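Undergrad: whatever this is, show me its structure:
(one chain, ligands or ions: 1)
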Amino acid sequence: MSRKPIIAGNWKMNLLRSEAKELFEGIKSFVKDYTAPQLPTVVIAPTFTSLCEVSSVKCDCGCGGNKIYVAAQNCHWENSGAYTGEISVAMAKDAGCDYIIIGHSERRQYFSETDEMINKKAKAILAGGLIPIICCGETLGQREAGMTDEHIASQIRAALSGISSEDVAKSVIAYEPIWAIGTGKTCDSAEANRVIKMIRSVVEEVAGSNAADSIRILYGGSVKPSTIEEQMAQSDIDGALVGGASLKADSFNEIIANTMKVAV
Ligand code: PGA
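TA: Below is the predicted model of the structure:
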């Protein structure tokens, strides 16, 4: 089964609107030289305040479609109401998003997001016709205690609970070991592939083999232009969620270019 790779940039809480637009233009001017089938699926997740800014320029490159998709970095599971500071799936869609990242370890750690909340968000995103990028990952302590697989399997079972096989098949998972995020220390590619295979087997158990074959599972954690080829050469790694290296057009474009050398 061949799965179209995804290279996603998570800009986190960085860049003012003008800076976001400039960086987005820098990525757009690189991808315009390729046809959509040549490219991996490119997804950019700016801050909420820059969503409209980048969405407004995403489609005028003459490609006849979206070469760059836009993602929100979070959402609420309710459609509307008294939830100060939150945005709904419909609002993200209205701002041009096709994807929404949920369950990033920074949200779990600093904003106390639970597996149950992430499951509600995943359901709301799919019901709204968008695609969730569901993050999971272990701490260094959990890894050293030999708990990696157990912890990740339980995060995935909880996130996908009650979601139909068809919807699971469309979803995206990002395996991001917390100790590798923003540290410059990437997880060994073979080990990342092993964990991702384990995640695929959990998906098979909860949603069947079609969903397990179709779901795209990314690696995230200090991905750089110099690491992506080896990561993409692994059997089960379907792309990358990139933080730091997505904040410069040169490095992000090089990650896309190096991905195309291996698999698309
Ligand atoms: P990083 O971040 O590439 O800077 O490690 C990845 C992420 O948090 O998604």
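
Undergrad: could I get the pLDDT score of the residue of the stretch 151-264 of the chain found nearest the ligand?
TA: Residue of the stretch 151-264 of the chain nearest the ligand, by C-beta to the nearest ligand atom: G243 (2.2 Å). (Each C-beta comes from the backbone N, C-alpha and C, glycine too.) If you check G243, the pLDDT there is 98.

Undergrad: contacting residues around it?
TA: Applying C-beta atoms under 8 Å, 6 or more residues apart in numbering to G243 gives the contacts N10, K12, I181, G182, G220, V223.

Undergrad: what helix or strand is the residue lying closest to E113 once chain neighbours are set aside located in?
TA: In space, and not counting its chain neighbours, E113 is closest to R107: 4.6 Å by C-beta to C-beta, 6 or more residues apart in numbering. Here R107, judged by DSSP states H and E, is contained in helix 105-110.

Undergrad: give the next helix or strand downstream of that helix.
TA: Next helix or strand after helix 105-110 toward the C-terminus (DSSP H and E): helix 115-127.

Undergrad: name the helices or strands packed onto that following helix?
TA: Under the contact criterion of 3 or more C-beta pairs under 8 Å, 6 or more residues apart in numbering; DSSP states H and E, helix 115-127 touches helix 89-94, strand 97-102, strand 131-136, helix 148-160.

Undergrad: show me which residues of the helix holding R107 are buried.
TA: Within helix 105-110, the residues that count as buried by 16 or more other C-beta atoms under 10 Å are S105, E106, R107, R108.

Undergrad: with distance to the ligand and pLDDT added, can I get those residues in a markdown table?
TA: A markdown table is the format used below for those (distance: C-beta to the nearest ligand atom, whole Å; pLDDT from 0 to 100):
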| residue | distance to the ligand | pLDDT |
| --- | --- | --- |
| S105 | 7 | 97 |
| E106 | 7 | 97 |
| R107 | 10 | 97 |
| R108 | 12 | 96 |
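
Undergrad: out of those residues, who's nearest D149?
TA: Nearest to D149 among the buried residues of helix 105-110: S105, at 17.0 Å, using C-beta to C-beta.

Undergrad: I figured that closest one hits L140, correct?
TA: No - S105 is beyond contact range of L140, at 11.8 Å (criterion: C-beta atoms under 8 Å).

Undergrad: overlap in contacts, these two.
TA: Shared contacts of S105 and L140 (C-beta under 8 Å, 6+ apart): I178.

Undergrad: where does the stretch 51-200 of the chain come near the ligand, residue by residue?
TA: E176, I181, G182 (C-beta under 6 Å from any ligand atom).

Undergrad: burial check on R216, number of neighbours?
TA: Residues within reach of R216, counting by other C-beta atoms under 10 Å, total 20.

Undergrad: all strands of the chain, in order?
TA: With DSSP state E, the ranges of strands along the chain come out as 6-10, 41-45, 68-72, 97-102, 131-136, 172-175, 216-220, 239-242.

Undergrad: for the ones you listed, which one ends up most surrounded?
TA: Most buried of those, by mean neighbour count (mean count of other C-beta atoms under 10 Å): strand 239-242, with a mean of 29.

Undergrad: send me that one as CSV with only the CA atoms.
TA: Taking C-alpha atoms only, strand 239-242 is exported to CSV below (Å, rounded to 0.1, in the frame of the first residue of the first chain):
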residue,chain,number,x,y,z
GLY,A,239,6.4,11.9,6.6
ALA,A,240,7.3,14.4,9.3
LEU,A,241,5.9,17.0,11.6
VAL,A,242,8.6,19.7,11.7
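
Undergrad: partner strands of that strand, parallel or antiparallel?
TA: Strand 239-242 has the following strand partners under DSSP bridges: strand 6-10 (parallel), strand 216-220 (parallel).

Undergrad: beta partners of the residue nearest the centre of the chain?
TA: With distances taken as C-alpha atoms, centre = their mean, I133 lies nearest the centre of the chain, 4.5 Å away. Beta-bridge partners of I133, counted by DSSP bridges, are I101, V172.
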